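Chemist: Sharing a model prediction with you, sequence too.
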Amino acid sequence: MDATITVKELLLVVVSLVVIGFGIHLIVVLRNLNGLLKKVNKMVDENEKSIKETISSLPEISENVNTISTRAKDIMEEIEPVLPEIVDNVNSITENVNDGMEIAVSTVETVGENISDTIEAIRDSTVDASTYIKLIGEVIKVIKQAISREK
């Protein structure tokens, strides 16, 4: 038993499978969309009062935004001529602070060097003083010995 399949029949099967696949996909998408719409409806029902209040206050909010925008524009127009001067002042202040920091760093370095020199001088003096004390001790020993021999 031989069966022949024509190209037309093959194409008809392929197109049918594609249509069936598209239909299944469409059903899944519609099911997900239906679930999403249920959640949105539930949220709207739960927040209906708040949504109505927000919608009713939108004109007032819009008016406030317009007032704020107008005031901000007026303030910017007032400040605009003075703005370069303010920037110059800020730059000057920054330079003064930098100069002050350089002076402070230089002062700290100088004080540090002087303290190091002082500590080194004290250390040298201490070594010299201990040498003198040892010498005096030796002299006293010699005098003691000389006195004890005379007796």
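Modeler: Ah, there it is.
Chemist: packing partners for the helix or strand containing Met101?
Modeler: In this structure, Met101 is located in helix 83-150 according to DSSP states H and E. Here helix 83-150 is seen to pack against no other helix or strand when contacts are counted using 3 or more CB pairs under 8 Å, 6 or more residues apart in numbering; DSSP states H and E. C-betas here are computed from N, CA, C, even on glycine.
Chemist: Okay, now the unreliable bits of the chain?
Modeler: Residues of the chain that meet the criterion pLDDT under 70 lie in 1, 122-129, 149-151.
Chemist: how about a cut-off of 80?
Modeler: Scanning the chain for pLDDT under 80 picks out 1-2, 104, 107-108, 110-139, 141-151.
Chemist: Spell out for me which residue occupies the centre of it.
Modeler: Thr94 (22.5 Å; CA atoms, centre = their mean).
Chemist: now that one: how far from Asp88?
Modeler: As defined by CB to CB, to the nearest Å, Thr94 lies at a distance of 11 Å from Asp88.
Chemist: repeat for Glu9
Modeler: Here Glu9 is placed at a distance of 87 Å from Asp88 (CB to CB).
Chemist: ok, now Ile51?
Modeler: Taking CB to CB as the criterion, Ile51 is separated from Asp88 by 52 Å.
Chemist: Can you tell me the SS state at Pro81?
Modeler: What DSSP: H, G, I helix; E, B strand; the rest coil gives for Pro81 is coil.
Chemist: Is there a neighbour count for it? I'd like the number.
Modeler: One way to gauge burial is a neighbour count; for Pro81, by other CB atoms under 10 Å, it gives 8.
Chemist: likewise Ser106?
Modeler: Summarising burial for Ser106: neighbours were counted as other CB under 10 Å, giving 10.
Chemist: same check, this time on Thr6
Modeler: For Thr6, the tally of surrounding residues (other CB under 10 Å) stands at 8.
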